[in-house]
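[1] Everything below, folded, please.
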Amino acid sequence: MPACRCQFCAAPLEPVQEFRYLVETATDDPVHLNRIRALPHAAGRPLRVCKGCQAAIRVHPERFRRALLRPDVPTRVLAAGLLSLGCFFVTLVGEL
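    Model prediction:
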């Protein structure tokens, strides 16, 4: 089974942090989730964070909020999408 990694620093999660993440992800009851929630969360979902990043989130939450807002799409995927869209329009305009 592959190890869970921190979504901010890519370090492997400690076993306790990984267990917390898996339990919080699997819990559907909001009342129970509010009682057991130990990890930071965004949009109602727990974040995969190591203990170091969790401590840093408590100290500087705005820095991590900005990191979560950044799109997670690699530039190569965006470039390939734009090129294929351009080829489609060239073909479409060429037929007119």
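[2] how about residue 12, phi and psi?
    phi -60, psi 140 (degrees, to the nearest 10).
[3] And the pLDDT at it?
    For residue 12, the pLDDT comes out at 93.
[4] How many residues are close by it?
    For residue 12, the neighbour count with other Cβ atoms under 10 Å is 13. Every residue, glycine included, has its C-beta placed from N, CA and C.
[5] Also residue 22?
    Residues near residue 22, counting by other Cβ under 10 Å: 14.
[6] Secondary structure element holding it?
    helix 15-26 (DSSP states H and E).
[7] residues in contact with residue 36?
    23-24, 27 (Cβ atoms under 8 Å, 6 or more residues apart in numbering).
[8] in this structure, which ranges drop under the pLDDT threshold?
    Applying pLDDT under 70 to the chain flags residues 1-2, 70-73, 95-96.
[9] about what we covered before: list of residues touching the helix holding residue 22?
    3-4, 13, 33, 36-39, 41, 45-46, 48-51, 54.
[10] what do you get for stretch 57-73?
    Under Cβ under 8 Å, 6+ apart, the answer for stretch 57-73 is 8, 40, 42, 47, 49, 53, 56.
[11] Highest neighbour count among those?
    residue 49 (23 neighbours).
[12] That one and residue 55: what is the separation?
    Distance of residue 49 to residue 55, given as Cβ to Cβ, to the nearest Å: 9 Å.
[13] where exactly do the helices run in the chain?
    15-26, 30-36, 51-59, 61-69, 75-95 (DSSP state H).
[14] The fourth one: how far from the chain's middle?
    Taking the mean of its C-alpha atoms, helix 61-69 sits 11 Å from the chain's own mean (Cα atoms, centre = their mean, to the nearest Å).
[15] by how many degrees do it and helix 51-59 diverge?
    Computed by axes from the mean of the first three to the mean of the last three Cα atoms, to 10 degrees, the angle separating helix 61-69 from helix 51-59 equals 110 degrees.
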